[in-house]
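Engineer: below are the sequence and a predicted model; questions follow.
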Amino acid sequence: MNANTKSPNRTVNGATHTGPTVFFNARLVDPSSNRDEPGGIVIQDGVIADIGPHLRRNAPEGAEVVDCMGHVLAPGLIDAQVYTGEPGNEHRETLKTASLAAAAGGVTTIVVMPDTNPVIDQVALVDFIQRRARDNAIVHVHTMAAMTNGLKGEEITEIGLLKRAGAIAFSNGKSSVANTRVMRNALLYGRDFDALIAHHTEDPYLSQNVAMNAGEVATRLALPGVSKAAETILLERDVRLVEMTKGRYHAATISCAESLEVVRAAKANSLPVTCGVSINHLTLNENDIGPYRTFYKVRPPLRRDEDRVAMIRGLASGEIDIIVSSHDPQDADDKRRPFAEATDGAVGLETLLPAALRLHHSGELPLPTIVRALTINPAKLLGLHAGRLVKGAIADVILVDLGQPWVVNKDELRSRSKNTPFDESKMQGRVLRTLVAGNTVYQYGC
Amino acid sequence: MTTAAAKVETIHFPHRHLLTCEGLSANEINFLLDLADKAADANRQAGKKRDVLRGRTLINLFFEASTRTQASFELAAKRLCADVLNMNVSTSSVQKGETLLDTAMTLNAMRPDIIVVRHHSAGAVELLSQKVDCSVVNAGDGAHQHPTQALLDALTIRRAKGRLSGLLVAICGDILHSRVARSNINVLNTLGARVRIIAPSTLLPAASERLGAEVFTDMWKGVEGADVIMMLRLQRERMLGSYVPSRREYFHFFGLDDEKLARAKPDALIMHPGPMNRGVEIASTVADHSRSVIHDQVEMGVAVRMAVLEALARNLPT
């Protein structure tokens, strides 16, 4: 189960290739080109050299061939919200272990969050992440830089220089900017550099010392709850600021129907607003917390099932742009505490796609809609040349068996932290093979 | 040097105060610039004094600390033989809680002929002018106006380029808080120059495109083809993450260095109202460039203030 660590090709770029490799007898699923049909692809020199139904059965002479047995070939997934522990908390996760988990989950591009120690708020730290990723990671790694110094919400960071150094977007990480003036300035200043401001919206005063979503479940568990209005209030404020500044804004993870309404209205007004949802809020609800299961303690908190269903509707309508894992490795010690004292967060890179496939199997969402929110949509949002299964594209490709049943075992996760809410959950569908720039970085069973 | 020299001297400056550049006609401005031109030439002679203001009293009333402007007004008044009183506000009754209008009435009772006022609040100088019997010169009210600065800038450009009409002037920096920018936009537009303002969006006022200038947030584009680049001072407290993330980033994107200067016309003038922050809004090499007229601006400051005082004195009751 640790194929990737044994793989001879450890680097994302510049691996050696001799001849072409043909993946035939596949179901090609690429929302960027509205393709969902039987066929195959040819990979040469790290790019997709050919694609189409004509490659369903036939392979060119002299090529290495892979029979996909009718399984799905799709673009590698892009996960726009991944927390790691590097630098500062490497015992939780490093860029390397996060990339191993990503590869096993079919994620070929991760965007790492600035909530590290030190916080990624300086050009030198963006350089550091990129250097460490280049040397150690087996998938593409991009940096989300801090929008305020130290994520304190007080002073805006060097957005221009950070963007020039490679920061792909700007976030205040897990905390929200309470100061409206600072948020206004970040959007306004960021606009001059066409910077994307991705904001976690949770009113910091309403969400102080809370453990879960407010409501009947919280009351019965006698846990301090936070109303979903805490999320919507800040989102509404932000949309007003976008209206004023015209800065590019992304609501990082919305979790309730009311937030979706706000985004819908903003989009109807042609404001530069997008939003994401975490896989947890698409597949879990507050009832899963049951008897104080802290592995279900996440931020924003899991909501009622009506809200989960609303998130699915939002994806179907395209009002929700992207799905993220919100992969957040935490120590077992920090999770195994009384619920109110346990830390927030769940790992998710390896279960992102299988969990999302639940929505496909249940008939709640068509497969291309799910794949779109994990490939071409995040690519467009972040300005990446990825997430497309087309001729000439870089060969970030995954092979997925939609039907294979399996049970999640947290001890088999590649992530250094095992805090998954899906432990012992039944899944249907798994990644068989992950290629980054034409190199196989993960293969199931090898 | 002066194209306006041919203009007839019969045009005059029919105002009791100089409070704003907004609404001044091209003739009125040129009248002041012509007077200042002569004063500038006279200031280069050994005998600098003329007794235009003999017997008159001028009070410099500065509610906001300023060494340069106050000295410039004082020198201008003294060259015209006025008696000058500098009110040091930090030791005055204002610190004891006196209101602006009470201060004005008190000073008015001392029968000055001209009061030169600087105040940190926009509109304060105009308010004061309504309560006194003498002439009032605005030496800067908040981010609103600084008329003598715009006039001295115009004179500096006119002497270097021979004209203002048709020139492309790029004003770059903290437009939001700048009385220099607002005054200059008025004067330059009136005299037929094309004006651009360049700043990060956080340092642009709302509806800045309505001020009569083209707005740029990209300095490389903004200085393209400029005849004059006018840099503004960025105050230290505004480059610490509030309006601008850091001085390093500000200098990179909005500081005038050789690279950005190369985008302007090859004979572009470099201006700055002072005091300069070298390495923040302007590179040292550019500040000391052969095309820098920053010191000429200081020289023209005295001349323009002499012209203003002389023009106002002509309208004083005898």
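Structural biologist: Here it is on my side, so go on.
Engineer: now the stretch 301-446 of chain A against chain B: closest residue?
Structural biologist: A:G383 (18.5 Å; C-beta to the nearest C-beta). C-beta coordinates here come from the backbone N, C-alpha and C atoms, glycine included.
Engineer: so that residue makes contact with A:I168?
Structural biologist: Yes - between A:G383 and A:I168 there is a contact at 7.3 Å, judged by C-beta atoms under 8 Å.
Engineer: ok, those two, which is more surrounded?
Structural biologist: For A:G383 versus A:I168, the count of surrounding residues by other C-beta atoms under 10 Å in any protein chain shown is larger for A:I168: 22 against 11.
Engineer: confirm the more buried one sits in a strand?
Structural biologist: Yes - counting by DSSP: H, G, I helix; E, B strand; the rest coil, A:I168 is located in a strand.
Engineer: for it, give me its contacts.
Structural biologist: By C-beta atoms under 8 Å, 6 or more residues apart in numbering or on different chains, the contact set of A:I168 is A:V111, A:H142, A:T143, A:M144, A:L196, A:L382, A:G383, A:L384.
Engineer: and the residue of chain A closest to chain B?
Structural biologist: For chain A, C-beta to the nearest C-beta, closest residue to chain B: A:E155, 2.2 Å.
Engineer: how far away is that residue from A:L196?
Structural biologist: From A:E155 across to A:L196, the span is 19 Å (C-beta to C-beta, to the nearest Å).
Engineer: pick out whichever of these two has more residues nearby.
Structural biologist: Per other C-beta under 10 Å, whichever of A:E155 and A:L196 has more neighbours is A:L196, with 23 against 19.
Engineer: tell me the phi and psi of that one?
Structural biologist: phi -90, psi 130 (degrees, to the nearest 10).
Engineer: my read: it touches A:L382, true?
Structural biologist: Yes - A:L196 lies in contact with A:L382 (C-beta under 8 Å); the separation is 7.1 Å.
Engineer: for the stretch 151-300 of chain B, give me the ranges with low pLDDT.
Structural biologist: Residue ranges of the stretch 151-300 of chain B with pLDDT under 70: none are present.
Engineer: how about the helices in the stretch 151-300 of chain B?
Structural biologist: Under the criterion DSSP state H, counting those that start in this stretch, the stretch 151-300 of chain B contains helices at B:179-190, B:219-222, B:247-254, B:258-261, B:284-287, B:294-314.
Engineer: dump these to a markdown table, plus mean neighbour count and distance to chain A.
Structural biologist: Formatted as a markdown table, the helices of the stretch 151-300 of chain B follow (neighbours: other C-beta atoms under 10 Å in any protein chain shown; distance: least, C-beta to the nearest C-beta, whole Å):
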| stretch | mean neighbour count | distance to chain A |
| --- | --- | --- |
| helix B:179-190 | 24 | 18 |
| helix B:219-222 | 18 | 10 |
| helix B:247-254 | 20 | 4 |
| helix B:258-261 | 16 | 14 |
| helix B:284-287 | 16 | 20 |
| helix B:294-314 | 22 | 27 |
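Engineer: closest to B:R238 out of those helices?
Structural biologist: helix B:247-254 (9.1 Å; C-beta to C-beta).
Engineer: neighbours of A:Q44, how many?
Structural biologist: Count around A:Q44 with other C-beta under 10 Å applied: 17.
Engineer: I meant B:N88, not that one.
Structural biologist: The tally of other residues near B:N88 (other C-beta under 10 Å) stands at 11.
Engineer: anything in contact with each of A:L196 and A:L382?
Structural biologist: A:I168, A:A169.
Engineer: domain map for chain A?
Structural biologist: A:10-74+A:393-443, A:75-382 (automatic domain parsing).
Engineer: most packed of these?
Structural biologist: domain A:75-382 (a mean of 22; mean count of other C-beta atoms under 10 Å in any protein chain shown).
Engineer: where in the stretch 101-250 of chain A is pLDDT low?
Structural biologist: For the stretch 101-250 of chain A (pLDDT under 70), the answer is none.
Engineer: and the helices in it?
Structural biologist: A:123-136, A:159-165, A:180-192, A:216-221, A:229-245.
Engineer: using PDB, list the CA coordinates for the second one.
Structural biologist: Listed next in PDB are the C-alpha coordinates belonging to helix A:159-165 (Å, rounded to 0.1, in the frame of the first residue of the first chain):
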ATOM      1  CA  ILE A 159       0.300  41.200  -1.500                       C
ATOM      2  CA  GLY A 160       2.100  42.500  -4.600                       C
ATOM      3  CA  LEU A 161       5.500  41.000  -3.700                       C
ATOM      4  CA  LEU A 162       4.000  37.700  -2.400                       C
ATOM      5  CA  LYS A 163       2.000  37.200  -5.600                       C
ATOM      6  CA  ARG A 164       5.200  37.900  -7.600                       C
ATOM      7  CA  ALA A 165       7.000  35.300  -5.500                       C
END
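Engineer: same for that helix, what does it pack against?
Structural biologist: Under the contact criterion of 3 or more C-beta pairs under 8 Å, 6 or more residues apart in numbering or on different chains; DSSP states H and E, helix A:159-165 touches helix A:123-136, strand A:140-146, helix A:180-192, helix B:247-254.
Engineer: show me where chain B has strands.
Structural biologist: B:57-62, B:83-88, B:114-119, B:135-141, B:168-172, B:194-198, B:214-216, B:228-231, B:269-271 (DSSP state E).
Engineer: how about these in TSV, adding distance to chain A?
Structural biologist: As requested, those are exported to TSV (distance: least, C-beta to the nearest C-beta, whole Å):
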stretch	distance to chain A
strand B:57-62	30
strand B:83-88	35
strand B:114-119	25
strand B:135-141	25
strand B:168-172	14
strand B:194-198	11
strand B:214-216	10
strand B:228-231	18
strand B:269-271	23
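Engineer: tell me which of the ones you listed sits nearest to B:L256.
Structural biologist: Each of those has some distance to B:L256 by C-beta to C-beta; the shortest is strand B:228-231, at 5.3 Å.
Engineer: next one: stretch B:34-45 to chain centre, how far?
Structural biologist: Relative to its chain's centre, stretch B:34-45 lies at 18 Å (C-alpha atoms, centre = their mean, to the nearest Å).
Engineer: how about the residue in chain B that chain A sits nearest to, nearest residue that isn't a chain neighbour?
Structural biologist: The nearest approach of chain B to chain A comes at B:G241, 2.2 Å away (C-beta to the nearest C-beta). The shortest distance from B:G241 to any non-neighbouring residue, by C-beta to C-beta, 6 or more residues apart in numbering or on different chains, is to A:E155 (2.2 Å).
Engineer: and that neighbour, backbone torsions?
Structural biologist: According to degrees, to the nearest 10, A:E155 has phi -120, psi 130.
Engineer: relative to A:G166, how far out is A:L125?
Structural biologist: 11 Å.
Engineer: just say helix, strand or coil for the residue of chain A positioned farthest from its centre.
Structural biologist: What lies farthest from the middle of chain A is A:E61; by C-alpha atoms, centre = their mean that is 38.7 Å. Counting by three-state DSSP, the backbone at A:E61 sits in coil.
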